[in-house]
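Asks: when you get a sec, could you give me coordinates for this:
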Amino acid sequence: MAFELPALPYAHSALADRGMGQETLELHHGKHHQTYVTTLNGFVEKNADLQGKSLEEIIAFSRDEADLAPVFNNAGQHWNHLHFWNALSPKGGGIPGRLEAKIVEDFGSVDAFKDAFKAAAVGQFGSGWAWLVLGEDGKLKTAKTPNGSNPLATGEGKVLLGLDVWEHSYYLDFRNRRPDYVGNFLDRLANYEFAEANLG
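Replies: Just a heads-up that it's a prediction; the model follows:
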């Protein structure tokens, strides 16, 4: 069964007053994400070893195989974006109580968490992602991954919240000001209720 591009959980214009314009979402979702899905489906169609596997199974199967790097990158980007659209909210920015308590417990303060997340996002050279994850030790931490990789592939923990730091995700709205894009995400766009639900 072919992978599909899901509809956004909000209108393309829903985040415009919070720093992510309609054109950005139309291009990012309708062009970039669609390309990852289409390309992945093409690989699956031509490779019997990939057929019948879930997205997560394809990521695990292709993770350390050099000849399957294009498969891994497109599968990873599909998985990452499925998460990312839910990590954004027209009502984002407010951190619910249980998650806030966990953040304070593990980072020391909400500001310390935001500083650590921003350092990961800004410090990811080139294209990639920044993440808030729950580690195997039960503690929250930040992580960064290049290109289409993610904590699912690296084993760094369970993803609670992820931010795309590829230039296509922010250039129309913030030009080359990645730190401003990251700060805007943390303060105005991040769906912390989604992150809290991912805590389990």
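Asks: now the element after the helix or strand where Glu56 lies, going C-ward?
Replies: Element membership for Glu56, per DSSP states H and E: helix 55-62. Counting by DSSP H and E, the element after helix 55-62 in chain order, helix or strand, is helix 69-86.
Asks: ok, then the element right after that next one?
Replies: That would be, after helix 69-86 and using DSSP H and E, helix 97-107.
Asks: tell me the helices and strands packed up against that next one.
Replies: The contact analysis (3 or more Cβ pairs under 8 Å, 6 or more residues apart in numbering; DSSP states H and E) places helix 97-107 against helix 110-123, strand 140-146, helix 192-199. C-beta coordinates here come from the backbone N, C-alpha and C atoms, glycine included.
Asks: got a list of contacts for the second one?
Replies: The contact list for strand 140-146, computed with Cβ atoms under 8 Å, 6 or more residues apart in numbering, reads 102-103, 106-107, 113, 116-117, 119-121, 123-135, 151, 153-154, 156-157, 160.
Asks: could you give the angle of that strand to helix 97-107?
Replies: Angle of strand 140-146 versus helix 97-107, following axes from the mean of the first three to the mean of the last three Cα atoms, to 10 degrees, is 80 degrees.
Asks: hang on, Gly52 in a helix?
Replies: No - counting by DSSP: H, G, I helix; E, B strand; the rest coil, one finds Gly52 to be coil, located in no helix.
Asks: so is the residue of the chain most remote from its centre in a helix, a strand, or just coil?
Replies: Most distant from the centre of the chain: Ala48, at 28.3 Å, with distances by Cα atoms, centre = their mean. Following three-state DSSP, we place Ala48 in the coil state.
Asks: for it, give me the pLDDT.
Replies: The score at Ala48 is 97. That number is its pLDDT.
Asks: same thing with Met1?
Replies: Reported pLDDT for Met1: 82.
Asks: can you give me the neighbour number for it?
Replies: Residue neighbour count, defined by other Cβ atoms under 10 Å, stands at 7 for Met1.
Asks: on that earlier part again, just the helices and strands packed on helix 97-107: most buried one?
Replies: For those, average neighbour numbers computed from mean count of other Cβ atoms under 10 Å are highest in strand 140-146, which has a mean of 20.
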